[in-house]
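**Q** When you get a sec, could you give me coordinates for this:
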Amino acid sequence: MMPNVENVPTSSTVANPPSQDAAQRLVSGAPLSWRVRRLLWSILENTLYRYSFHTWSGWRAFLLRCFGAKIGTRCTIRRTSRVYYPWLLEMGDLSGIGDDVTVYNIGRIVIGERCTISQEAYLCAGTHDYTQLSMPLKIAPISIGADTWICARAFVYPGVTIGEGAVVAACAVATRDVPAWTVVAGNPARAIQSRNLNQPMALLEDAQDAQE
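**A** A predicted model of the protein is given here:
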């Protein structure tokens, strides 16, 4: 039996709206200023950002900051990465976004200090509610703690928090929160071991202070 299409909503609605006002405005009807900023960023991202020299991370960080991103010091940002909405991105000191990484941040994405987001990883802060025929947009922020590693081709699901020091293995799909200092792998990602450091954190901090 076919569903009664007369009762199906004809316009998109927000399921589980995010706490941040910016993301709410995006879904409920982006104002003209948002659309203009998105258009300008798309142009710059596909020109000055994409075709800058491979080592010009500072230049790309500057461009992101010009559009509202909060980028820490000495971050590595590869030119083939893609950030959807710079003003919904926060990135701590000494963190890196690798080649072909997608930051689909229609919801806010916060990356802590000393994080590595490896090549072709996908951070996805939005999805659709498939339990409704109209498939309304759902937005949920992503939080990535300090000293984490999101490995190559890993996928982080909307609303997921990656704990401090955790590792999401290559091609893993993190559909739920990852505890601190835990290595997860697989689809869906499951804990496979604890992350034990051979180098004490104090020595690492001393080395960083020496470089500064």
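**Q** By mean pLDDT, point me to the weakest helix or strand of this structure.
**A** Counting by mean pLDDT, DSSP states H and E, the chain has its least confident helix or strand at helix 21-29, which shows a mean of 48.
**Q** Helix or strand next in line after it, which one?
**A** Moving toward the C-terminus from helix 21-29, the next helix or strand (DSSP states H and E) is helix 32-44.
**Q** what's the spacing between that following helix and its chain's center?
**A** Distance, stretch centre to chain centre, for helix 32-44: 19 Å (CA atoms, centre = their mean, to the nearest Å).
**Q** Mind giving me the packing neighbours of whatever helix or strand comes next after it?
**A** Using DSSP H and E, the helix or strand that follows helix 32-44 in sequence is helix 57-66. With contacts taken as 3 or more CB pairs under 8 Å, 6 or more residues apart in numbering; DSSP states H and E, helix 57-66 sits against strand 70-71, strand 76-77. No exception for glycine: its C-beta is placed from N, CA and C like everyone else's.
**Q** looking at those, which is buried most?
**A** strand 76-77 (a mean of 21; mean count of other CB atoms under 10 Å).
**Q** So which elements touch it?
**A** Counting by 3+ CB pairs under 8 Å, 6+ apart, strand 76-77 packs on helix 57-66, strand 96-97.
**Q** give me that answer again for 7 Å
**A** The helices and strands touching strand 76-77, judged by 3 or more CB pairs under 7 Å, 6 or more residues apart in numbering; DSSP states H and E, are helix 57-66.
**Q** For the helix it packs on, buried residues please.
**A** Using 16 or more other CB atoms under 10 Å as the test for burial, helix 57-66 gives 57, 60, 61, 63, 64.
**Q** List the residues that contact the third one.
**A** Spelled out, it's residue 61. The neighbourhood of residue 61, defined by CB atoms under 7 Å, 6 or more residues apart in numbering, consists of 71, 75, 77.
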